[in-house]
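Q: Task: produce atomic coordinates for the following.
(one chain, ligands or ions: 2)
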Amino acid sequence: MPDLEKQKQEFLTLCRENIKRDGLEDLLGWLQKSDFFTAPASTRYHGAYEGGLCEHSLDVYHMAKKAIAGYELELTEESVVVATLFHDLCKVNFYKKDVRNQKINGTWQEVPCYTIEEKYCFGGHGSKSVYLVQQFMKLKTDEAAAINCHMGATSGGDSVRDTSNAYAAFPLAWVTHVADEAATYLLKR
Ligand SMILES: [Fe+2]
Ligand SMILES: [Fe+2]
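A: Ligands and ions are numbered 1, 2, ... in the order given. Presented below is the predicted three-dimensional model:
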């Protein structure tokens with residue numbers, strides 16, 4: 001289980017040391033009042049435990065730094081921090097603690113779990129994160145594309161072409177996507 005206070009301080013320090021933009025403290029204030037630092041990252045896949053969302057966000061930052069070094073990309077630290085740490089803000093106030101029945105040693109028992117209880121339906125994942133960040137702080141074009149397209153092209157038609165075009169136009173967008181996948185599929189916790 002992650003050290004909630006330690007990773008919260010790492011998150012806040014990364015933001016405050018690298019993001020020099022109006023509205024940052026308003027955004028951080030909202031996050032600290034929300035469940036961001038205690039929420040899971042998913043209900044059953046990656047980070048399905050308390051603090052999983054903040055942990056995953058930091059993982060994506062660190063994986064992005066590895067990809068940027070490996071591919072010798074020139075990206076500003078501020079934009080990397082913005083895109084990676086805020087890409088999943090759509091999951092704020094999104095999960096709730098619940099219980100489910102599980103058979104343990106032949107008997108059914110209630111075990112704790114997380115389920116989805118969306119408090120604010122926006123109708124998108126990356127797009128919702130972009131919208132939420134921009135309630136507090138302006139995003140640069142490549143940062144917005146990176147957050148919006150971080151899930152990759154998962155449906156047909158325009159989505160595939162537009163996501164591909166965004167990756168071609170903005171290395172930050174491609175890096176955020178692969179770092180999200182690396183954090184999800186390569187890190188075994
Ligand atoms: Fe996501
Ligand atoms: Fe993610």
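Q: What's the first helix or strand after the lowest-mean-pLDDT helix or strand in the chain?
A: In the chain, the helix or strand scored least confidently by mean pLDDT, DSSP states H and E is helix 158-169, which has a mean of 90. Per DSSP states H and E, the first helix or strand lying C-terminal to helix 158-169 is helix 171-185.
Q: Please identify the buried residues of the least confident helix or strand of the chain?
A: Residues of helix 158-169 classed as buried by neighbour count (16 or more other C-beta atoms under 10 Å): 163, 166-167. (C-beta placed from N, C-alpha, C; glycine too.)
Q: Which one of those is nearest to ligand 2?
A: Taking C-beta to the ion as the measure, ligand 2 sits nearest to residue 163 out of those, at 15.3 Å.
Q: can you pull the contacts of that closest one?
A: Contact partners of residue 163, counting by C-beta atoms under 8 Å, 6 or more residues apart in numbering, are 149, 152-153.
Q: can you rerun that using 10 Å?
A: Residues in contact with residue 163 (C-beta atoms under 10 Å, 6 or more residues apart in numbering) are 126, 145, 148-155, 173-174, 177.
Q: With residue 25 instead?
A: Contacts of residue 25 (C-beta under 10 Å, 6+ apart): 15-16, 19, 136-137.
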